[in-house]
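>>> For reference, the sequence and a predicted model appear below.
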Amino acid sequence: MSDVRFNMWLFMSSTWRKLKETLVARSASDMFKGTFKVTFTLAFLLFILQMTTTDVNYKDFIRGSLPGSDSRVIEIVRDRYLTPPSSNPYNLSTDQKYLQYSKSVSWKYIDHYLKQFFINQRKGFFVEAGALDGEFLSNSLWLEQSLGWSGLLVEPDEESYLQILQKHRKAWSSNSCLSPTTFPREAVHVAVKVKDIYPGVPWYYRGASHELGVTLSPRYDGFFEAAENSYFLVHCFPLESYLRALNVTTVDFLSLDIQGSEQGVLKSFPWRDIIVRMVVAELPAEEKDMVDFMEDQGYFWLNSKERLYDEEFIFVRNKDFFIHYRDIEPNPGFYQMAAVSA
């Protein structure tokens, strides 16, 4: 692909993305107005033109032909796969049942450490992959709301991502997935959706959505029995690609809850080039080789003396831990729970 054609594609791609954002921002009352119909028609025609531009096939760049550090891949991520933070007021849930469950299970465990590490740090940067709707069990919302952090939310599920946009988070977002390798790739996303007859909180089920082919913990078996799946193709990029597209060189908090791809993301990340201060990753409890790997990268396994809750591993960069956080307090509630269940 020539540079001229590539630049043409980037321009058209960026224009299409901005039009899509405009459509999402429209209120429901505008849906049948003539101006909306005209905008949608123009956007659709532009999309067709974009997809049929001679010899401009961006898929060549997201099927592994170039590494995620390549400037052309980074340009594609920046212009096509990143939505800027919302400037509108938050539109968070007021449903009491939702709010009760949105701060339960692993959220309490992780929140305990987040507040000890970052309570006095303003203007940090987070990455939350597996962001769901941007509120339910969110590990980053407190950092954004209370401390003024910016960040990146990555969510491949289309319905979940639409909810992120509607909640008006003050972070960048991407309707894509993290690649477990150093190359972009395409994957089949399995969207798990609760059946209508189930009376519980549906977002628990949405959290079990995953890439087709990965091995999940047996604890999800009950979820799949009560849910129905749908399948669609998603584009995945190395975490490095997103960060370089945003010109980010330090990530204060990285949260990975991507149902089976965490190990690949961690092992393919350029730890020497980009600073990450704290990592929370959902990993199989028996995968202690990841502890060795992270220690080799200069990280301390923070919750090594606790019984792992929900298979959450917490790693802190040695430089941060031994200088600032050696007196970090464990979560006594989960110590007690481990003792009772032992």
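Received, thanks.

>>> Tell me, how many residues neighbour the closest residue to residue 257 other than its chain neighbours?
With Cβ to Cβ, 6 or more residues apart in numbering as the criterion, residue 257 has its nearest non-adjacent residue at 3.7 Å, and that residue is residue 130. Where you see a C-beta, it was placed from the backbone N, CA and C, and this is true even at glycine. Neighbourhood size, residue 130 [other Cβ atoms under 10 Å]: 25.

>>> Let me see the contact set for residue 130.
Contact analysis of residue 130 by Cβ atoms under 8 Å, 6 or more residues apart in numbering lists 154, 155, 207, 255, 256, 257, 258, 259.

>>> I'd like those residues laid out as TSV, including distance to residue 93, pLDDT and secondary structure.
TSV is the format used below for those (distance: Cβ to Cβ, whole Å; pLDDT from 0 to 100; DSSP: H, G, I helix; E, B strand; the rest coil):
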residue	distance to residue 93	pLDDT	secondary structure
154	21	97	strand
155	16	94	coil
207	16	63	coil
255	20	96	strand
256	24	95	strand
257	19	88	coil
258	23	87	coil
259	23	76	coil
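
>>> among those, which two are most distant?
154 and 207 (14.1 Å; Cβ to Cβ).

>>> between those two, who's got more neighbours?
Comparing residue 154 with residue 207 by other Cβ under 10 Å, the one with more neighbours is residue 154, at 27 against 22.

>>> Tell me who's in contact with that one.
By Cβ under 8 Å, 6+ apart, the neighbours of residue 154 are 127, 128, 129, 130, 131, 173, 174, 176, 177, 178, 242.

>>> Same question for residue 295.
Going by Cβ under 8 Å, 6+ apart, the list of residues near residue 295 reads residue 301.

>>> Low-confidence ranges, the stretch 201-342 of the chain, go.
The stretch 201-342 of the chain contains residues with pLDDT under 70 at 201-227, 285-287, 305-310, 321-342.

>>> Let's see that with 50 instead.
Across the stretch 201-342 of the chain, the ranges flagged by pLDDT under 50 are 333-342.

>>> mind listing the strands for it?
Here the stretch 201-342 of the chain has its strands, by DSSP state E, counting those that start in this stretch, at 210-211, 227-237, 250-256, 275-282, 299-301, 312-317.

>>> want to throw the contacts of residue 154 into a markdown table with distance to residue 193?
As requested, the contacts of residue 154 are exported to a markdown table (distance: Cβ to Cβ, whole Å):
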| residue | distance to residue 193 |
| --- | --- |
| 127 | 26 |
| 128 | 21 |
| 129 | 20 |
| 130 | 16 |
| 131 | 17 |
| 173 | 21 |
| 174 | 21 |
| 176 | 20 |
| 177 | 18 |
| 178 | 22 |
| 242 | 27 |
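
>>> can you map out the helices along the stretch 201-342 of the chain?
202-206, 221-225, 239-245, 262-267, 289-296, 318-324, 332-341 (DSSP state H, counting those that start in this stretch).

>>> what's across from residue 185 in the sheet?
Beta-bridge partners recorded for residue 185 (DSSP bridges): residue 236.

>>> I'd say it and residue 236 touch.
Yes: applying Cβ atoms under 8 Å, one finds residue 185 in contact with residue 236, separated by 5.1 Å.

>>> okay, the two: which has more neighbours?
residue 236 (25 against 18).

>>> Enumerate every residue touching that one.
With Cβ under 8 Å, 6+ apart, residue 236 has these contacts: 156, 176, 177, 178, 179, 180, 184, 185, 186, 187.

>>> cutoff 6 Å now
177, 179, 185, 187 (Cβ atoms under 6 Å, 6 or more residues apart in numbering).

>>> Just the buried residues of stretch 71-81, please?
72, 73, 74, 75, 76, 77, 78, 79, 80, 81 (16 or more other Cβ atoms under 10 Å).

>>> Could you do stretch 76-95 as well?
76, 77, 78, 79, 80, 81, 82, 83, 85, 86, 92.

>>> could the residues you listed go into JSON lines alongside pLDDT?
Formatted as JSON lines, the buried residues of stretch 76-95 follow (pLDDT from 0 to 100):
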{"residue": "76", "pLDDT": "93"}
{"residue": "77", "pLDDT": "95"}
{"residue": "78", "pLDDT": "96"}
{"residue": "79", "pLDDT": "94"}
{"residue": "80", "pLDDT": "94"}
{"residue": "81", "pLDDT": "96"}
{"residue": "82", "pLDDT": "98"}
{"residue": "83", "pLDDT": "97"}
{"residue": "85", "pLDDT": "98"}
{"residue": "86", "pLDDT": "97"}
{"residue": "92", "pLDDT": "96"}
